[in-house]
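Peer 1: just the structure for this:
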Amino acid sequence: MYSSYSLCKYLVSFHILAIQLLIRSVSSLNITNEYLNHKCRVDQGKYQPGCKYEKDLNSLIRFNADDTSTRGFIHSASSEGRNSTTIIFQCRGDTHKSNCRTCYDTAVAGFRKRCPRNKGGIIWYDQCFLDISMINEHVPRKMNYQNTFSMHNTNNVKGDTKSFNKKTRDLLQRLIGEADKEGPDGVELLYYAVGEERIGTRKVYAMVECVKDVADCRLCLEWSIKRLPKCCDGKQGARVLGTNCNLRYELYPFLRT
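Peer 2: Alright, predicted model coming up:
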(Lines give C-alpha, C1' and ligand atoms only; values in the text may rest on other atoms or scores of the structure.)
Protein backbone atom coordinates (compact mmCIF):
# COMPACT_ATOMS: atom_id res chain seq x y z
CA MET A 1 0.00 0.00 0.00
CA TYR A 2 1.30 3.44 -0.90
CA SER A 3 2.08 5.87 1.88
CA SER A 4 0.62 9.37 1.44
CA TYR A 5 4.06 10.65 0.42
CA SER A 6 4.77 7.91 -2.09
CA LEU A 7 1.27 8.18 -3.56
CA CYS A 8 1.69 11.94 -3.98
CA LYS A 9 5.07 11.33 -5.60
CA TYR A 10 3.50 8.73 -7.91
CA LEU A 11 0.69 11.08 -8.94
CA VAL A 12 3.13 13.91 -9.60
CA SER A 13 5.29 11.58 -11.72
CA PHE A 14 2.21 10.45 -13.64
CA HIS A 15 1.13 14.08 -14.20
CA ILE A 16 4.59 14.98 -15.52
CA LEU A 17 4.58 11.93 -17.81
CA ALA A 18 1.13 12.91 -19.15
CA ILE A 19 2.36 16.44 -19.89
CA GLN A 20 5.46 15.06 -21.61
CA LEU A 21 3.35 12.75 -23.76
CA LEU A 22 1.04 15.64 -24.67
CA ILE A 23 4.00 17.83 -25.61
CA ARG A 24 5.48 15.04 -27.72
CA SER A 25 2.11 14.45 -29.39
CA VAL A 26 1.67 18.12 -30.28
CA SER A 27 5.26 18.55 -31.41
CA SER A 28 5.02 15.41 -33.54
CA LEU A 29 2.25 17.16 -35.48
CA ASN A 30 4.62 20.05 -36.26
CA ILE A 31 1.96 22.55 -35.13
CA THR A 32 3.64 25.93 -35.00
CA ASN A 33 2.63 29.54 -35.31
CA GLU A 34 5.70 30.88 -37.01
CA TYR A 35 5.77 34.24 -38.73
CA LEU A 36 5.64 33.68 -42.49
CA ASN A 37 5.55 37.00 -44.31
CA HIS A 38 4.25 40.55 -44.22
CA LYS A 39 3.56 43.47 -46.54
CA CYS A 40 3.18 47.08 -45.42
CA ARG A 41 0.67 49.04 -47.49
CA VAL A 42 3.05 51.93 -48.11
CA ASP A 43 0.72 53.43 -50.72
CA GLN A 44 -1.81 54.15 -47.97
CA GLY A 45 0.68 56.28 -46.05
CA LYS A 46 1.37 56.63 -42.34
CA TYR A 47 -0.55 58.20 -39.50
CA GLN A 48 0.65 60.66 -36.88
CA PRO A 49 0.56 59.67 -33.20
CA GLY A 50 -2.71 60.70 -31.57
CA CYS A 51 -4.57 61.29 -34.83
CA LYS A 52 -8.13 60.12 -35.52
CA TYR A 53 -6.96 57.20 -37.68
CA GLU A 54 -4.84 55.80 -34.85
CA LYS A 55 -7.76 56.10 -32.42
CA ASP A 56 -10.13 54.39 -34.87
CA LEU A 57 -7.62 51.61 -35.53
CA ASN A 58 -6.98 50.94 -31.83
CA SER A 59 -10.70 50.99 -31.11
CA LEU A 60 -11.43 48.54 -33.93
CA ILE A 61 -8.64 46.20 -32.81
CA ARG A 62 -10.03 46.11 -29.25
CA PHE A 63 -13.63 45.80 -30.42
CA ASN A 64 -12.91 42.72 -32.55
CA ALA A 65 -10.60 40.91 -30.14
CA ASP A 66 -13.29 38.81 -28.44
CA ASP A 67 -14.89 37.75 -31.73
CA THR A 68 -11.74 35.84 -32.67
CA SER A 69 -12.42 33.27 -29.95
CA THR A 70 -15.97 32.54 -31.06
CA ARG A 71 -15.98 33.02 -34.83
CA GLY A 72 -12.34 32.81 -35.92
CA PHE A 73 -13.09 35.35 -38.65
CA ILE A 74 -13.44 39.12 -38.83
CA HIS A 75 -14.35 41.58 -41.56
CA SER A 76 -15.02 44.83 -39.78
CA ALA A 77 -14.81 48.52 -40.66
CA SER A 78 -14.84 51.60 -38.46
CA SER A 79 -16.95 53.62 -40.91
CA GLU A 80 -17.90 54.06 -44.55
CA GLY A 81 -15.92 56.21 -46.96
CA ARG A 82 -12.33 56.98 -47.79
CA ASN A 83 -11.12 57.39 -44.19
CA SER A 84 -12.46 54.10 -42.87
CA THR A 85 -10.30 51.54 -41.09
CA THR A 86 -10.91 47.92 -42.10
CA ILE A 87 -9.71 44.71 -40.47
CA ILE A 88 -9.89 41.30 -42.12
CA PHE A 89 -8.66 38.43 -39.97
CA GLN A 90 -9.03 34.68 -40.09
CA CYS A 91 -7.64 31.74 -38.15
CA ARG A 92 -6.73 28.48 -39.81
CA GLY A 93 -9.59 26.01 -39.75
CA ASP A 94 -8.12 23.90 -36.93
CA THR A 95 -7.29 26.91 -34.71
CA HIS A 96 -10.12 27.72 -32.32
CA LYS A 97 -11.01 29.74 -29.22
CA SER A 98 -7.99 30.68 -27.10
CA ASN A 99 -5.51 29.60 -29.80
CA CYS A 100 -7.23 31.89 -32.28
CA ARG A 101 -7.31 34.79 -29.82
CA THR A 102 -3.58 34.30 -29.16
CA CYS A 103 -2.87 34.35 -32.89
CA TYR A 104 -4.89 37.56 -33.24
CA ASP A 105 -2.86 39.24 -30.50
CA THR A 106 0.37 37.97 -32.07
CA ALA A 107 -0.65 39.28 -35.51
CA VAL A 108 -1.60 42.70 -34.18
CA ALA A 109 1.72 42.99 -32.32
CA GLY A 110 3.58 41.76 -35.41
CA PHE A 111 1.85 44.33 -37.63
CA ARG A 112 2.70 47.18 -35.26
CA LYS A 113 6.33 46.06 -35.09
CA ARG A 114 6.92 45.45 -38.80
CA CYS A 115 4.75 48.27 -40.18
CA PRO A 116 5.06 50.99 -37.52
CA ARG A 117 2.39 53.69 -37.97
CA ASN A 118 1.43 52.38 -41.39
CA LYS A 119 -2.26 52.84 -42.09
CA GLY A 120 -2.41 49.40 -43.67
CA GLY A 121 -0.54 46.16 -43.94
CA ILE A 122 -0.85 42.38 -44.10
CA ILE A 123 0.88 39.79 -41.95
CA TRP A 124 0.76 36.01 -42.19
CA TYR A 125 1.45 33.38 -39.54
CA ASP A 126 1.10 29.62 -39.63
CA GLN A 127 -2.30 29.73 -37.95
CA CYS A 128 -3.81 33.06 -39.01
CA PHE A 129 -3.48 36.17 -41.13
CA LEU A 130 -4.34 39.82 -40.52
CA ASP A 131 -5.12 42.47 -43.16
CA ILE A 132 -5.51 46.11 -42.12
CA SER A 133 -6.47 48.67 -44.76
CA MET A 134 -8.03 52.05 -45.46
CA ILE A 135 -10.10 50.41 -48.19
CA ASN A 136 -13.48 49.04 -47.10
CA GLU A 137 -14.23 46.32 -49.66
CA HIS A 138 -17.77 45.17 -50.21
CA VAL A 139 -18.68 41.62 -49.23
CA PRO A 140 -18.33 39.23 -50.92
CA ARG A 141 -14.85 40.39 -51.90
CA LYS A 142 -13.62 40.02 -55.46
CA MET A 143 -10.51 37.97 -56.17
CA ASN A 144 -7.24 39.82 -55.68
CA TYR A 145 -4.04 37.94 -56.47
CA GLN A 146 -1.62 40.82 -55.90
CA ASN A 147 -0.86 39.90 -52.31
CA THR A 148 -0.01 36.26 -52.93
CA PHE A 149 3.20 34.36 -52.25
CA SER A 150 4.45 30.78 -52.09
CA MET A 151 6.75 28.80 -49.81
CA HIS A 152 8.23 25.33 -50.12
CA ASN A 153 10.30 22.72 -48.34
CA THR A 154 13.90 22.87 -49.51
CA ASN A 155 14.02 19.06 -49.88
CA ASN A 156 13.01 17.40 -53.12
CA VAL A 157 10.86 14.30 -53.43
CA LYS A 158 12.83 11.18 -54.35
CA GLY A 159 11.66 8.94 -57.15
CA ASP A 160 8.97 9.73 -59.69
CA THR A 161 8.40 13.45 -59.06
CA LYS A 162 6.05 13.79 -62.02
CA SER A 163 3.66 11.22 -60.54
CA PHE A 164 4.01 12.74 -57.07
CA ASN A 165 3.16 16.22 -58.37
CA LYS A 166 0.11 15.00 -60.25
CA LYS A 167 -1.31 12.94 -57.39
CA THR A 168 -0.72 15.75 -54.92
CA ARG A 169 -2.55 18.21 -57.15
CA ASP A 170 -5.36 15.66 -57.57
CA LEU A 171 -5.66 15.45 -53.77
CA LEU A 172 -5.83 19.24 -53.48
CA GLN A 173 -8.40 19.38 -56.28
CA ARG A 174 -10.56 16.84 -54.44
CA LEU A 175 -10.33 18.93 -51.27
CA ILE A 176 -11.52 21.99 -53.19
CA GLY A 177 -14.75 20.11 -53.91
CA GLU A 178 -15.19 19.52 -50.17
CA ALA A 179 -14.38 23.10 -49.20
CA ASP A 180 -16.82 24.42 -51.78
CA LYS A 181 -19.78 22.56 -50.24
CA GLU A 182 -22.43 23.98 -47.94
CA GLY A 183 -21.90 23.39 -44.24
CA PRO A 184 -24.28 21.45 -41.95
CA ASP A 185 -26.45 24.52 -41.45
CA GLY A 186 -26.93 24.89 -45.20
CA VAL A 187 -26.30 28.61 -44.96
CA GLU A 188 -22.65 29.09 -45.90
CA LEU A 189 -19.88 27.14 -47.59
CA LEU A 190 -17.37 25.20 -45.51
CA TYR A 191 -14.39 27.07 -47.03
CA TYR A 192 -12.03 24.55 -45.39
CA ALA A 193 -11.05 20.95 -46.04
CA VAL A 194 -8.22 18.62 -45.05
CA GLY A 195 -7.18 15.21 -46.25
CA GLU A 196 -4.38 12.72 -46.63
CA GLU A 197 -3.40 10.16 -49.20
CA ARG A 198 -0.68 7.58 -49.60
CA ILE A 199 1.42 8.21 -52.68
CA GLY A 200 3.84 5.34 -53.16
CA THR A 201 5.64 4.82 -49.85
CA ARG A 202 4.78 8.31 -48.61
CA LYS A 203 1.69 9.78 -47.01
CA VAL A 204 0.80 13.31 -48.10
CA TYR A 205 -1.19 15.60 -45.79
CA ALA A 206 -3.02 18.53 -47.36
CA MET A 207 -5.28 21.47 -46.56
CA VAL A 208 -7.23 24.06 -48.54
CA GLU A 209 -8.94 27.11 -47.08
CA CYS A 210 -10.70 30.27 -48.21
CA VAL A 211 -11.30 33.47 -46.32
CA LYS A 212 -14.99 33.51 -45.46
CA ASP A 213 -15.85 36.76 -47.27
CA VAL A 214 -14.53 35.89 -50.75
CA ALA A 215 -16.76 35.76 -53.79
CA ASP A 216 -15.46 32.53 -55.36
CA CYS A 217 -13.58 30.05 -53.19
CA ARG A 218 -13.13 27.44 -55.91
CA LEU A 219 -11.71 29.93 -58.41
CA CYS A 220 -9.13 31.16 -55.91
CA LEU A 221 -7.95 27.69 -54.89
CA GLU A 222 -7.75 26.42 -58.47
CA TRP A 223 -5.61 29.44 -59.35
CA SER A 224 -3.35 28.58 -56.40
CA ILE A 225 -2.95 24.96 -57.54
CA LYS A 226 -1.80 26.21 -60.94
CA ARG A 227 1.00 28.10 -59.19
CA LEU A 228 2.54 24.96 -57.68
CA PRO A 229 4.46 23.80 -60.78
CA LYS A 230 6.05 27.26 -61.06
CA CYS A 231 7.18 27.55 -57.44
CA CYS A 232 7.33 24.14 -55.88
CA ASP A 233 7.84 21.41 -58.48
CA GLY A 234 8.87 18.15 -56.85
CA LYS A 235 9.15 19.61 -53.35
CA GLN A 236 8.34 17.59 -50.22
CA GLY A 237 6.07 20.38 -48.98
CA ALA A 238 4.62 23.61 -50.33
CA ARG A 239 2.03 26.28 -49.70
CA VAL A 240 0.46 29.17 -51.55
CA LEU A 241 -0.94 31.98 -49.41
CA GLY A 242 -2.82 35.20 -50.03
CA THR A 243 -5.64 37.34 -48.68
CA ASN A 244 -8.39 35.31 -50.39
CA CYS A 245 -7.33 31.68 -49.93
CA ASN A 246 -4.44 29.38 -49.14
CA LEU A 247 -3.41 25.77 -49.57
CA ARG A 248 -0.67 23.52 -48.23
CA TYR A 249 0.68 19.99 -48.44
CA GLU A 250 3.40 18.24 -46.45
CA LEU A 251 4.82 14.77 -45.87
CA TYR A 252 3.99 15.12 -42.16
CA PRO A 253 0.82 16.05 -40.22
CA PHE A 254 0.69 19.78 -39.48
CA LEU A 255 -2.92 20.30 -38.33
CA ARG A 256 -4.85 19.60 -35.16
CA THR A 257 -7.29 16.76 -35.61
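
Peer 1: going forward, measure contacts between C-alpha atoms and count neighbours the same way
Peer 2: Noted.

Peer 1: report the buried residues of stretch 91-98.
Peer 2: By neighbour count on 16 or more other CA atoms under 10 Å, the buried set for stretch 91-98 is Cys91, Arg92, Gly93, Thr95, His96.

Peer 1: domains for this protein, by residue range?
Peer 2: Here the domain assignment for the chain is 35-133, 149-250, based on automatic domain parsing.

Peer 1: now the ones you listed as JSON lines including distance to Arg256 and mean pLDDT?
Peer 2: Output for the domains of the chain, formatted as JSON lines (distance: least, CA to CA, whole Å; pLDDT from 0 to 100):
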{"stretch": "domain 35-133", "distance to Arg256": "6", "mean pLDDT": "92"}
{"stretch": "domain 149-250", "distance to Arg256": "10", "mean pLDDT": "92"}
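
Peer 1: okay if I get the ones you listed as a markdown table plus distance to Thr257?
Peer 2: Putting the domains of the chain into a markdown table (distance: least, CA to CA, whole Å) gives the following:
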| stretch | distance to Thr257 |
| --- | --- |
| domain 35-133 | 7 |
| domain 149-250 | 10 |
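
Peer 1: before we move on, back to that, out of the buried residues of stretch 91-98, which sit inside strands?
Peer 2: Within the buried residues of stretch 91-98, residues falling in strands by DSSP state E are Cys91.

Peer 1: quick one: which of the buried residues of stretch 91-98 is nearest Ile122?
Peer 2: Closest approach to Ile122 among the buried residues of stretch 91-98 (CA to CA): Cys91, at 13.9 Å.

Peer 1: what segments of the stretch 101-250 of the chain are helices?
Peer 2: Assigned by DSSP state H, counting those that start in this stretch, the stretch 101-250 of the chain shows helices spanning 161-179, 217-231.

Peer 1: nearest to Glu250, of these?
Peer 2: Closest of the helices of the stretch 101-250 of the chain to Glu250 is helix 161-179, at 9.7 Å (criterion: CA to CA).

Peer 1: which other residues reach stretch 149-160?
Peer 2: Stretch 149-160 has contacts (CA atoms under 8 Å, 6 or more residues apart in numbering) with Phe164, Cys231, Cys232, Gly234, Lys235, Gln236, Gly237, Ala238, Arg239, Val240, Leu241, Gly242.

Peer 1: related to what we said a few turns ago, the domains of the chain: which one's closest to Pro140?
Peer 2: Nearest to Pro140, of all these, is domain 149-250, at 4.8 Å by CA to CA.

Peer 1: now the end-to-end length of the closest one.
Peer 2: The straight-line separation of the ends of domain 149-250 (CA to CA, to the nearest Å) is 17 Å.

Peer 1: show me how far it is from its chain's centre.
Peer 2: Domain 149-250 sits 13 Å away from the centroid of its parent chain (CA atoms, centre = their mean, to the nearest Å).

Peer 1: what's the answer for stretch 115-123, then?
Peer 2: Distance of stretch 115-123 from the chain centroid (CA atoms, centre = their mean) equals 19 Å.

Peer 1: ok, how many other residues are close to the closest residue to Pro49 other than its chain neighbours?
Peer 2: Using CA to CA, 6 or more residues apart in numbering and skipping the chain neighbours, the partner closest in space to Pro49 is Arg117 (7.9 Å). The local packing of Arg117 (other CA atoms under 10 Å) involves 17 other residues.

Peer 1: check contacts around Arg117.
Peer 2: When contacts are counted by CA under 8 Å, 6+ apart, Arg117 touches Lys46, Tyr47, Gln48, Pro49.

Peer 1: ditto for Thr32
Peer 2: Going by CA under 8 Å, 6+ apart, Thr32 touches Asp126, Gln127.

Peer 1: check which helix or strand covers it.
Peer 2: Assigned by DSSP states H and E, Thr32 falls within no helix or strand.
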